[in-house]
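In: Provide a 3D model corresponding to the input given below.
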Amino acid sequence: MLANALRTLIAVFLMTITSQVAAEEKRYSSKDCSGISMGIDYLLSLTPDIWDKLKKDPDDEEVAMELSWVVDLAADYTVIYEAFCEDEK
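Out: This next block holds a predicted model:
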């Protein structure tokens, strides 16, 4: 289930990027930005359960890698959101 959701999220993101390649100004639409934001929120919502699993078995490298991957992916999407979605200040 997690894998399918993440695949969908990545596919939506890639479609968003490819539709913006020819754009003169590098800004995403509010709809695209909303989708990216929801993806970030979703990824971050996964972390409490993963932390709980890791607390039960701190030596579980697979769970540690899963947590690292989810947090890194959320951070990457955050950078993209900040670069292409936030209004100039």
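In: can you give me the helices for the chain?
Out: Listed in chain order, the helices of the chain (DSSP state H) span 2-20, 30-56, 61-84.
In: Any idea which of these has the lowest pLDDT on average?
Out: Looking at these, the lowest mean pLDDT belongs to helix 2-20 (a mean of 67).
In: Can you give me the distance of the spatially most central residue of the chain to R27?
Out: Of all residues in the chain, the one closest to the mean position by Cα atoms, centre = their mean is A74, 3.8 Å from it. Separation of A74 from R27 (Cβ to Cβ, to the nearest Å): 21 Å. Just so you know, the C-beta spots here come from the backbone N, C-alpha and C atoms, and that holds for glycine as well.
In: ditto for I80
Out: Counting by Cβ to Cβ, the gap from I80 to R27 is 12 Å.
In: show me the contacts for the residue nearest to the centre of the chain.
Out: By Cβ atoms under 8 Å, 6 or more residues apart in numbering, the contact list for A74 reads I40, L43, L44.
In: gap between it and M65?
Out: 15 Å.
In: and if you look at D59?
Out: 12 Å.
In: neighbour-wise, which of the two wins?
Out: M65 (10 against 7; other Cβ atoms under 10 Å).
In: gap between that one and V71?
Out: Distance of M65 to V71, computed by Cβ to Cβ: 11 Å.
In: Next: F13.
Out: Between F13 and V71 the computed distance is 17 Å (Cβ to Cβ).
In: ok, the two, which is more surrounded?
Out: With neighbours defined as other Cβ under 10 Å, F13 and V71 compare such that F13 has more, 18 against 15.
In: which residues does that one contact?
Out: Listed by Cβ under 8 Å, 6+ apart, the contact partners of F13 are I36, G39, Y77, I80.
In: Count residues in the vicinity of the nearest residue to the first one once chain neighbours are set aside, would you?
Out: With Cβ to Cβ, 6 or more residues apart in numbering as the criterion, I36 has its nearest non-adjacent residue at 5.0 Å, and that residue is Y81. Here the number of neighbours of Y81 (other Cβ under 10 Å) works out to 17.
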